[in-house]
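A.B. asks: just the structure for this:
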Amino acid sequence: MADTAILDRMARKRLGFLPTPVVPLPALSKHLGGPAILMKRDDQTGLALGGNKTRKLEFLLGDAIAKGADVVVTGGAAQSNHCRQTAAAAAVCGLGCHLALGGEEPAALNGNLLLGRLLGATIHWSGARRKGEDIPAICDRLRASGRKPYIIPYGGSNAIGAAGFVEAMRELTLQLGPEADRVSHIVFASSSGGTHAGLMVGKVPGGLGTRLVGINIDKEESGEMTLGEHILDLAGATATLLGLDHTFAGADLILRDDYVGAGYGVIGDREREAISLTARLEGILLDPVYTGRAMGGLIDLIRNGEIGPRDTVLFWHTGGSPALFAHAGELVI
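C.D. replies: Numbering: from 1, shown residues only. Below is the predicted model:
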């Protein structure tokens, strides 16, 4: 684990129900013929129906409050879990919240979009720009009106946000105790990079041998830094923030790009099967965009033998179940 003294001194606003449980998935494991499967239930963080972004937001909102902000601004897709949790965190802290959402305003509100509105967020529709590209212009307008905005980047994924997952690795290691070394793989959805980078930083000082397997859920866009490059850069920045002298290289990164299918938010047979199996065998709800795709990747890695029957794998459930309702017509099997 990274320098906990520095981590513990960082500004932080407690928002989540932590630690989240680690539970076995025996029925799913039996169905797949092994390995032993555990799940870290970050869908149970508690903030507005939960999700992993709560961990990042504890540090980001702590920093916003410390800097005297009166409004936070972030962005994402129309059904963004991050934006829903940011709106909830702002409400808890008594701050305003502006969201730059991709797409156009729909005729009916549901899923995360409905919750964002209930939580009091001001929504700015951004068309094809779903990764927060309009945040700077929104902040300029807020400053011109006398407000003090604090920018939370897409996915909450900067070094401050990623510190939340350095702390999460400490939490998990303490929960598992001596059993931590038996976990051969940790599998999770990788998108904006903060979860992935934070876990990478969090495992270094303790020498944990677990393989961190990120399942990329979004196609790369031409002309930008690749997700892998971004994660390595962010891991380095997070390590520096926490006083950890470590350089990350490509060999440190496992990012599977072979499960993106038709792209972000496009539900295919793999996502439908993963959501159905997890619900019907374990009574646990995944979401169609992130955890459904990541669990689909895990199931394939087991079936093709990359994760063997004698391994122990932990699936990090990053939340997002409210988005199920926005995709109901695509999920009935």
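A.B. asks: how is the protein partitioned into domains?
C.D. replies: 4-51+157-331, 53-156 (automatic domain parsing).
A.B. asks: could you dump those into JSON lines and include mean neighbour count and mean pLDDT?
C.D. replies: All C-beta atoms are positioned from the backbone trio N, CA, C, and that covers glycine. What follows is these, written out as JSON lines (neighbours: other C-beta atoms under 10 Å; pLDDT from 0 to 100):
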{"stretch": "domain 4-51+157-331", "mean neighbour count": "20", "mean pLDDT": "94"}
{"stretch": "domain 53-156", "mean neighbour count": "21", "mean pLDDT": "94"}
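A.B. asks: residues in contact with the closest residue to Leu113 other than its chain neighbours?
C.D. replies: Closest residue to Leu113 apart from its sequence neighbours, by C-beta to C-beta, 6 or more residues apart in numbering: Ala78 at 5.7 Å. Residues near Ala78 by C-beta atoms under 8 Å, 6 or more residues apart in numbering: Leu101, Gly102, Gly103, Pro106, Asn112, Leu113, Arg130.
A.B. asks: name the SS class of Ala78, please.
C.D. replies: At Ala78, secondary structure determined by DSSP: H, G, I helix; E, B strand; the rest coil is coil.
A.B. asks: distance of Lys67 from Thr122?
C.D. replies: 20 Å (C-beta to C-beta, to the nearest Å).
A.B. asks: show residues contacting stretch 270-289.
C.D. replies: 25, 27-28, 31, 39, 43, 77, 79, 81, 217, 259, 261, 264-265, 267, 292-293, 295-300, 317, 319-324, 327, 330-331, 333.
A.B. asks: what about the contacts of Ala78, which are in helices?
C.D. replies: Among the contacts of Ala78, the ones falling in helices (DSSP state H) are Asn112, Leu113.
A.B. asks: for this protein, just list every one of the strands.
C.D. replies: 22-24, 36-41, 71-76, 96-101, 122-125, 149-151, 185-190, 211-216, 255-256, 312-317 (DSSP state E).
A.B. asks: by contact count, what packs against the second one?
C.D. replies: Contacts defined by 3 or more C-beta pairs under 8 Å, 6 or more residues apart in numbering; DSSP states H and E place strand 36-41 against strand 22-24, helix 26-32, strand 312-317.
A.B. asks: the stretch 201-333 of the chain: helices as residue ranges?
C.D. replies: Here the stretch 201-333 of the chain has its helices, by DSSP state H, counting those that start in this stretch, at 227-241, 269-282, 291-303, 328-331.
A.B. asks: and the closest residue to Asn81 other than its chain neighbours, how far from Thr291?
C.D. replies: Nearest residue to Asn81 in three dimensions, chain neighbours excluded: Gly320, at 4.4 Å (C-beta to C-beta, 6+ apart). Between Gly320 and Thr291 the distance is 6 Å, computed by C-beta to C-beta.
A.B. asks: what do the two both touch?
C.D. replies: Joint contacts of Gly320 and Thr291 (C-beta under 8 Å, 6+ apart) are Asp43.
A.B. asks: so who does the closest residue to Arg130 other than its chain neighbours touch?
C.D. replies: Excluding the flanking residues, the one nearest Arg130 by C-beta to C-beta, 6+ apart is Gly102, at 2.5 Å. Counting by C-beta under 8 Å, 6+ apart, Gly102 touches Gly75, Gly76, Ala77, Ala78, Ser126, Gly127, Ala128, Arg129, Arg130, Lys131.
A.B. asks: next up, the contacts around the third one.
C.D. replies: Shown in contact with Ala77 (C-beta under 8 Å, 6+ apart): Leu101, Gly102, Gly103, Arg130, Tyr264, Gly265, Val289.
A.B. asks: in a markdown table: the residues you listed, plus distance to Ala87.
C.D. replies: A markdown table is the format used below for the contacts of Ala77 (distance: C-beta to C-beta, whole Å):
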| residue | distance to Ala87 |
| --- | --- |
| Leu101 | 11 |
| Gly102 | 16 |
| Gly103 | 17 |
| Arg130 | 17 |
| Tyr264 | 21 |
| Gly265 | 20 |
| Val289 | 18 |
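A.B. asks: which one of those is nearest Phe17?
C.D. replies: Val289 (23.2 Å; C-beta to C-beta).
A.B. asks: measure the closest one to Gln175 for me?
C.D. replies: Distance from Val289 to Gln175, by C-beta to C-beta: 27 Å.
A.B. asks: same question, Met169
C.D. replies: With C-beta to C-beta as the criterion, Met169 and Gln175 are 11 Å apart.
A.B. asks: and Asp42, by the same measure?
C.D. replies: Counting by C-beta to C-beta, the gap from Asp42 to Gln175 is 13 Å.
A.B. asks: with Ala326 instead?
C.D. replies: Taken as C-beta to C-beta, the span from Ala326 to Gln175 is 32 Å.
A.B. asks: touching stretch 219-229 from outside, list them.
C.D. replies: With C-beta under 8 Å, 6+ apart as the criterion, stretch 219-229 contacts 190-191, 193, 216, 218, 233, 250, 253, 255, 257, 260, 263-264.
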